[in-house]
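> When you get a sec, could you give me coordinates for this:
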Amino acid sequence: MFFIKVVGCLMIILSSSFLGFSYSRIYSERLKNLIYFQNCLQILETEIIYGANPLPDALKEVYCKGNKKVSYIFDEIREFLLNNKDLSVYDGFLHVVPELREVLCFKEQDIEIILSFGRSLGISNRTDQEKYFKVISVQLKGQQKEAEEEKMKNGKMYKSLGILIGFGIVLALY
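Next comes the predicted model:
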């Protein structure tokens, strides 16, 4: 009987700790993915501004050269645009919003910045495009700073809370 109680206590503590670490991971993932996304945008800028590549080719290069954890988004946009020639680039960015939110752990502010960039991509000349790339770069750096602060503050809190709640439940039960 004592052995069952010990195993039960350990299961409660481990499961609540796991939940705390899972919530903490969201903050770490958002920060990493924002950095990877920024790197992909730099590759896209190079391909469009300096390489003068058409958008589908530039998106393919981003997929090939970028971190696959994030760059697959650009390949999905490319595939969407190739399969739906009558739709805009913005529609391609709208198509990947669920992935941005669920898989990459982006917040609504991050997604709005990306969508505003999607509205401006491909509708003006290269000099204007260069300005848009600079604007999104500054905005994403601000989001990265915010994500880093949230990670430092909330990441530790969720880890500690998971462990403490587990011990609290065990104490309340026994």
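
> Go ahead and flag the most central residue of this protein.
residue 104 (3.1 Å; CA atoms, centre = their mean).

> Pull the contacting residues for that one.
29-30, 33, 37, 70, 73 (CB atoms under 8 Å, 6 or more residues apart in numbering). Placement of C-beta: from N, CA and C, glycine included.

> among the residues you listed, which are in helices?
29-30, 33, 37, 70, 73 (DSSP state H).

> Can you go through those residues and name the buried ones?
29-30, 33, 37, 70, 73 (16 or more other CB atoms under 10 Å).

> As JSON lines, these with pLDDT would be great.
JSON lines is the format used below for those (pLDDT from 0 to 100):
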{"residue": "29", "pLDDT": "93"}
{"residue": "30", "pLDDT": "93"}
{"residue": "33", "pLDDT": "94"}
{"residue": "37", "pLDDT": "95"}
{"residue": "70", "pLDDT": "93"}
{"residue": "73", "pLDDT": "93"}
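
> Output those residues as CSV; include the columns distance to residue 45.
Formatted as CSV, those follow (distance: CB to CB, whole Å):
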residue, distance to residue 45
29, 24
30, 22
33, 18
37, 13
70, 15
73, 16
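
> quick check, nearest of the residues you listed to residue 152?
residue 30 (12.6 Å; CB to CB).

> what's the distance between the closest one and residue 15?
Distance from residue 30 to residue 15, counting by CB to CB, to the nearest Å: 24 Å.

> Repeat that for residue 151.
Residue 151 is 23 Å from residue 15, by CB to CB.
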